[in-house]
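[1] The sequence and its predicted three-dimensional model are supplied below.
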Amino acid sequence: MPRCLRYLSAEHCRDWVLRDGTLQESPLEGESRSLVVVVDYAEESYVPTSLPALRGADRRRLCARRLEREFPGALLTALVRLRTHSAEGSVDAVMMAVGGGTPLATALRELGMRHALRAVYTPALLAASWVRLAGLRERRVLIVMPTPAGVRLTFVDAGHAVLSRLTGPLAAASTAAEIARTVQYLQNTQRVERGVPVELWLWGVAEQDVAQYVPAGEQIRLGSAPPASGLPDPHRHGFPALLALAAGRPSGPQLAPDALRAGWIARRLQSAARWAAAAVVLFASVAAGWLSYGAAVATRSAQAFAAEREVHDRERLALEGELARQGLTLTEWQVLPEAAARLEEGAPDLADAFEAAARAFGAVTDLQIMAIELRAGDPTAGSEAAQVAPASDALPAPDAPSGSECLRQASSVATMQIDFTLAPRIGVRRREVALGFVREAAMQLGAWQPEAALRRLGTADPLVVAAGADASEVASTWSACLRRGGAV
């Protein structure tokens, strides 16, 4: 919907519509999304005041009390800050109000009920807004501008209107006299120091006619302001330029109370709610997208891990099958390299040798180690060292004649004797497998070489290894003999 503007004065009521950046005079029809009202009445009051430097709600309450006390019952009021004095803790301000009486108040209330009334301005407020938008906040200037109600004289200080007068129609003699009277009033009220020229801008007056409106003998300096970005030049276009500003870029102080602007405020809240809802939906969509992406990444990672684990499981099952065909288990296959590496390191250490042999032979299914005995050194040289490690404190080292013969033959070569038994009632096939692993374990212990009989252990003739009892008995005690680095 286009933005609408209504101009109200004691004798005029005119409407404009802003379409595609162009202000066209047209009556209001139906409801408008945004209606700005410009009131142009002679009953404008400006009262300078000083306020303590307060903030927030305290300042708003103080301003409301000051306005009610200065303009009791007035509908259109405003208070604007001019300058702050930090050392004194005070603020220079000006209070303003527009009269117009009951007809103006009634007209504004009817507009507020039918349209989204955004703001109420005066020509003086619009002129001050143009000065601020032009970046001339520090300029002190008297602006003279014809309006449909007459000639409006506005004095702008610190970017705000501090004085405004409505006089009769534009005429050389009367307008010059009103300008001179206004300059004298500014000097008498000390708003302008005596001896300081007052800068005068004439808006909406032909350039060749400007001189006839300047009073003679007054301290006045004609001037002109650079045009504001994106705004018509008021020097050339006059009051219509301010109407375009009011319809297209309303800003700064305005006079309407919130009760008149309830419709526009409600629309703003609805718009904000829609934007907030859209933002929530957008955030939820983005969050859902990120969650979906994270879930997809996690799913792909889990699927990849599952596939990799499935491959490993297949490889493990294949390896276990291959080892089973050779009479081994996966644990037995994994422990051999470690035991071999431990037994190959330098001179034999009794504790390490026992641990390595126990790990190598103890991993054999259906086999129980009874004792491990290691002898290192030359008995004839008096450096004989021997140690026996029984499998359990409750089981003493067995008396194995063949094992004793193994250790008696040890000279300078380190010799290890391992006594073990097989599980009862395991059957010929399982005993063959167990003895076969004993042979494989002995063959893979690196520098520790098994004797010839042990090399043939488990090759379809399980009785070649020495035993302390009848080999046909399941509780037979077996003895394996290994020598480190020597001839067997």
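    It's in. The structure displayed is predicted, hence computed values, not measured ones.
[2] tally of neighbours for Leu108?
    Using other C-beta atoms under 10 Å, Leu108 has 23 neighbouring residues. All C-beta atoms are positioned from the backbone trio N, CA, C, and that covers glycine.
[3] give the contact list for it.
    Residues counted as contacts of Leu108 (C-beta atoms under 8 Å, 6 or more residues apart in numbering) are Val37, Leu75, Leu76, Leu117, Val120, Ala256, Leu260.
[4] element containing Arg132?
    helix 123-133 (DSSP states H and E).
[5] Direction included, what does the helix or strand that that helix is followed by pair up with?
    Downstream of helix 123-133, the first helix or strand assigned by DSSP H and E is strand 141-147. Using DSSP bridges, strand 141-147 pairs in its sheet with strand 150-157 (antiparallel), strand 198-202 (parallel).
[6] could you say what helices and strands whichever helix in the chain runs longest packs with?
    Across the chain, the longest stretch assigned as helix under DSSP state H is helix 262-325. Packed against helix 262-325 by the contact rule (3 or more C-beta pairs under 8 Å, 6 or more residues apart in numbering; DSSP states H and E) you find helix 101-114, strand 117-121, helix 330-343.
[7] picking that back up, got the CA coordinates for the helix holding Arg132 in PDB?
    Only the C-alpha atoms of helix 123-133 are listed here, as PDB (Å, rounded to 0.1, in the frame of the first residue of the first chain):
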ATOM      1  CA  PRO A 123       6.600  22.600   9.000                       C
ATOM      2  CA  ALA A 124       9.200  23.700  11.600                       C
ATOM      3  CA  LEU A 125       9.900  20.200  12.700                       C
ATOM      4  CA  LEU A 126      10.400  19.100   9.000                       C
ATOM      5  CA  ALA A 127      12.700  22.000   8.300                       C
ATOM      6  CA  ALA A 128      14.800  21.100  11.400                       C
ATOM      7  CA  SER A 129      14.800  17.400  10.200                       C
ATOM      8  CA  TRP A 130      16.100  18.500   6.800                       C
ATOM      9  CA  VAL A 131      18.900  20.500   8.400                       C
ATOM     10  CA  ARG A 132      20.000  17.400  10.400                       C
ATOM     11  CA  LEU A 133      19.900  15.100   7.400                       C
END
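[8] So which elements touch it?
    By 3+ C-beta pairs under 8 Å, 6+ apart, helix 123-133 packs against strand 35-40, strand 141-147, strand 150-157, strand 160-167, helix 239-248.
[9] Adding mean pLDDT and mean neighbour count, write those out as CSV.
    Shown next, in CSV, are the helices and strands packed on helix 123-133 (pLDDT from 0 to 100; neighbours: other C-beta atoms under 10 Å):
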stretch, mean pLDDT, mean neighbour count
strand 35-40, 91, 26
strand 141-147, 93, 22
strand 150-157, 94, 24
strand 160-167, 92, 22
helix 239-248, 87, 22
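[10] out of those, which comes closest to Arg69?
    The stretch from the helices and strands packed on helix 123-133 with the least distance to Arg69 (C-beta to C-beta) is strand 160-167; that distance is 19.5 Å.
[11] and the closest one, how far out from the chain's middle?
    51 Å (C-alpha atoms, centre = their mean, to the nearest Å).
[12] Please identify the pairing partners of it and their relative orientation?
    Applying DSSP bridges, one finds strand 160-167 paired with strand 150-157 (antiparallel).
[13] now the angle from the strand it pairs with to strand 35-40?
    Interaxial angle, strand 150-157 versus strand 35-40 (axes from the mean of the first three to the mean of the last three C-alpha atoms, to 10 degrees): 100 degrees.
[14] Same list, the helices and strands packed on helix 123-133, but as JSON lines with distance to Ala105 please.
    Compiled in JSON lines, the helices and strands packed on helix 123-133 are given as follows (distance: least, C-beta to C-beta, whole Å):
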{"stretch": "strand 35-40", "distance to Ala105": "11"}
{"stretch": "strand 141-147", "distance to Ala105": "21"}
{"stretch": "strand 150-157", "distance to Ala105": "22"}
{"stretch": "strand 160-167", "distance to Ala105": "19"}
{"stretch": "helix 239-248", "distance to Ala105": "20"}
